[in-house]
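K.L.:
pasted the sequence and its predicted model underneath.
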Amino acid sequence: HLNFGQAVPGHNQGRGAGIIATRRLVNVVHAARILAASKPWSADDRKGLEAWCAAYATWLLTSPIGREEEATLNNHGTWYEAQLAALLLYTGKPAEVRARMETRVKERLASQIEPDGRQPEELARTRAWSYSAMNLEGWFAVARLAREAGVDLWGYRTSDGRSIRAALDYLVKFADGARWPYPQITPMNRGELIPLLREAAVEWKDPSYGALADRLSTRS
């Protein structure tokens, strides 16, 4: 559990916002699946991690703090979905992931991304570029996991054009030189998009994304 995540002394003992701290569990369970073929990774190791992941997934779904984070509208909600999907897939529950992707996750995408690709919840932050990139990273992770469950979020578009690709394309023009018109109180790191651009070039078979990634990687 993360009952004490991001606790504020004198105010609370823990809060839903702390769950963002475990977003890299998506990578941990992916690595564990790769390790499954390794002899030093024993059956007991696998069973132990599966049990832990199942318990944490249950806590995310049922605890007051987990439900608080699920209800968030910004990047916290996106990374909640990524974590939950990774844990459920690792513990053998693809049907649950598929059902959630087709309903709650598609609804979340439609609420977060405008038809022109803007992410209003992230643009309202004082580090609007950084949070827009971070949320998009979360959506890329969700799309990978959705595919494993048989749902295509890479190609998904709402009737009015809201999509993961639209969100990337909105950021691309600012990564490629246009002035960023929103708050960014820390230095703007356009390089945050590089891994997403490289993945997009392969996923959508569009070399222009890879070319931009190359240009960004050579800039200081």
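P.N.:
Okay, I see it.
K.L.:
where does this protein have low pLDDT?
P.N.:
220 (pLDDT under 70).
K.L.:
can you pull up the most central residue in it?
P.N.:
Gly138 (1.5 Å; Cα atoms, centre = their mean).
K.L.:
in the helix or strand that it is a member of, what counts as buried?
P.N.:
Here Gly138, judged by DSSP states H and E, is contained in helix 128-148. Buried residues in helix 128-148, counting neighbours by 16 or more other Cβ atoms under 10 Å, are found at 128-146. Glycine gets a C-beta too; all of them are placed from N, C-alpha and C.
K.L.:
thinking again about what came up before, contacting residues around the residue nearest to the residue nearest to the centre of the chain when sequence neighbours are not counted?
P.N.:
Excluding its sequence neighbours, the residue lying closest to Gly138 (Cβ to Cβ, 6 or more residues apart in numbering) is Thr78, at 3.7 Å. Going by Cβ atoms under 8 Å, 6 or more residues apart in numbering, Thr78 touches Arg108, Gln112, Asn135, Gly138, Trp139, Val142.
K.L.:
so how far is Ala55 from Val28?
P.N.:
Using Cβ to Cβ, to the nearest Å, Val28 is found at 15 Å from Ala55.
K.L.:
who does the helix or strand encompassing Ala95 touch, helix- and strand-wise?
P.N.:
Using DSSP H and E, Ala95 sits within helix 94-100. Helices and strands touching helix 94-100, by 3 or more Cβ pairs under 8 Å, 6 or more residues apart in numbering; DSSP states H and E, are helix 75-90, helix 128-148.
K.L.:
looking at the ones you listed, which is closest to Met101?
P.N.:
Across the helices and strands packed on helix 94-100, Met101 has its closest neighbour in helix 128-148 (4.5 Å, Cβ to Cβ).
K.L.:
who's in contact with the spatially closest residue to Glu102 that is not a sequence neighbour?
P.N.:
Excluding the flanking residues, the one nearest Glu102 by Cβ to Cβ, 6+ apart is Val151, at 6.0 Å. Val151 is in contact with Arg98, Met101, Glu102, counting by Cβ under 8 Å, 6+ apart.
K.L.:
how close does Pro187 sit to Trp129?
P.N.:
Distance check for Pro187 against Trp129: by Cβ to Cβ, it reads 10 Å.
K.L.:
what do you get for His11?
P.N.:
Distance, His11 to Trp129, using Cβ to Cβ: 30 Å.
K.L.:
same question, Ile185
P.N.:
From Ile185 to Trp129 the distance is 10 Å (Cβ to Cβ).
K.L.:
identify the bridge partners of Gln184.
P.N.:
As for beta bridges, Gln184 partners with Arg127 under DSSP bridges.
K.L.:
residues contacting it?
P.N.:
Counting by Cβ under 8 Å, 6+ apart, Gln184 has contacts Thr126, Arg127, Ala128, Trp129, Ser130.
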